[in-house]
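Chemist: Compute the structure for the input listed below.
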Amino acid sequence: MAIQESVASILLQQNQPDPIPDSIPELLAQYGELVGKVIAFVLAFVVVWAIGRIVLVPLAKRLLKERGYDETVRSLADNVLGALALILALAVAFTVAGFGSVIAAFATLGGALALAIGFAAQDLLGNFVAGVFILKDKPFEVGDWIEWNDMSGRVEDIDLRVSRIKTFDNERITVPNGELANNAVKNPVAFDKLRQKFVFGIGYDDDIDHAKSVIVEEAERNDDILADPAPDVRVTELADSYVGLQSRFWIADPSRADFVKIRSDFVQAVKERLDAETIDMPYPYRQLTGEVETTATVTESQSQAQSTDD
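Modeler: Model (predicted):
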C-alpha cells in the first residue's frame, strides 16, 4: 500500500507544470539556455544580414555598373543578392544558436525543390539567362530595327525573359530571348551609315559606261544619298537577257522607313532617266521554235475518209 502511494505521488509530481519563476535569477536558471540561444540567433542574423545588405550588395552593383551592365540587370542583382543575404543570415543564425539539424533539413528540401524547378522550367531559365546576356552585350537596343529568322521589326522592349518587336505591318511579336540569343540577328541600324545595293539590267547592245554614268548622276542628285562615300556602279552579271549593273550607295542615320523611301525614289529616278536616254531595260522572254505534230483520232480519220468518198 505504501509502495502504491509512493508511485502515485511521483507520477503526480511529474505531471505538475513547472512553477513560474518569481525572480530574475530563477528565470535565468530555468530558461537561461533558451534565452542565450535566442540572443545568439538574433545577433548572428542582424550582423550577417547587415554585412550583406550594406557592404556586399552595393559593392556588387557598383562592379556591375563599371562593367557596363544594364540597369535592369543591376536591379535584378540587387533583388537576388538581397534574398541570398537573407538566406545566409538565417543559416548562420540557426547554426550559431545550435539548430544545425534544422539547416540540414532545409538544405535537403531546398536542393530537391531546386532540382525539380530546374527540370520544369529549363526553357524559362534559358530565356532568363539569354536576356541577361542581351542586356549586357547589347547586340541591339530599344528602337533598333532588327532581322532574324526571316522576320524583322523594331524593338519596343527588352525584358529579362522576352523581347517585344513591332513589325512594319503594325503587329507585335513577343520573342523569347533564347531565340534571339541563339540565332543570328542582323542589326542594319547599329552604325551611323548603311550601304544599299540595287541591280539594274540593261540590254547587251546598250552602252555600259553611259548607263553607269546615268545611275551615278541620279544617285548624286538625291539629297538623302551621301556624297562620301561616293556612289558607284559595278558590272556584276551577264544574264540571259540583260547586263547587270549593281549600284552601291550610302545613307546616313538609317531607319527602316528612310531606307525604303530613299531606295524607292532612287530606283524610280534611274528607271525614268534610262527610258529618257533610250537605254533598254529588257525583261526575260521565251521564243518557241520547231514543228508541231498532231495525231488524228479514229473518228476523225473515218470522217475524213467519208468526205473524200463523197
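Chemist: alpha carbons only for contacts and neighbour counts from here, please
Modeler: Fine.
Chemist: Pretty sure residue 49 sits against residue 89.
Modeler: Yes: using CA atoms under 8 Å, residue 49 makes contact with residue 89 at a distance of 5.2 Å.
Chemist: what residues do these two have in common as contacts?
Modeler: Counting by CA atoms under 8 Å, 6 or more residues apart in numbering, no residue touches both residue 49 and residue 89.
Chemist: which SS class is residue 254?
Modeler: At residue 254 the chain is in coil, as set by DSSP: H, G, I helix; E, B strand; the rest coil.
Chemist: Please report how far it lies from residue 261.
Modeler: In this view, residue 254 and residue 261 are 11 Å apart by CA to CA, to the nearest Å.
Chemist: Which one's more surrounded, these two?
Modeler: More neighbours surround residue 254 than the other of residue 254 and residue 261, with 20 against 12 (other CA atoms under 10 Å).
Chemist: Tell me, what's the model's pLDDT at the residue lying closest to the more buried one once chain neighbours are set aside?
Modeler: Closest residue to residue 254 apart from its sequence neighbours, by CA to CA, 6 or more residues apart in numbering: residue 189 at 5.7 Å. Per-residue pLDDT puts residue 189 at 80.
Chemist: pretty sure residue 189 is touching residue 147, no?
Modeler: No: checked against CA under 8 Å, the pair residue 189 and residue 147 is beyond contact range at 10.7 Å.
Chemist: What are the buried residues along stretch 168-176?
Modeler: Within stretch 168-176, the residues scored as buried using 16 or more other CA atoms under 10 Å are 173, 176.
Chemist: Can I get it as PDB, trimmed to CA atoms?
Modeler: Only the C-alpha atoms of stretch 168-176 are listed here, as PDB (Å, rounded to 0.1, in the frame of the first residue of the first chain):
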ATOM      1  CA  PHE A 168       6.400  47.000 -90.100                       C
ATOM      2  CA  ASP A 169       2.800  45.800 -90.600                       C
ATOM      3  CA  ASN A 170       2.000  47.200 -87.100                       C
ATOM      4  CA  GLU A 171       1.900  43.800 -85.400                       C
ATOM      5  CA  ARG A 172       3.600  43.000 -82.100                       C
ATOM      6  CA  ILE A 173       5.700  39.800 -81.700                       C
ATOM      7  CA  THR A 174       6.800  38.600 -78.300                       C
ATOM      8  CA  VAL A 175      10.000  36.700 -78.900                       C
ATOM      9  CA  PRO A 176      11.700  34.600 -76.200                       C
END
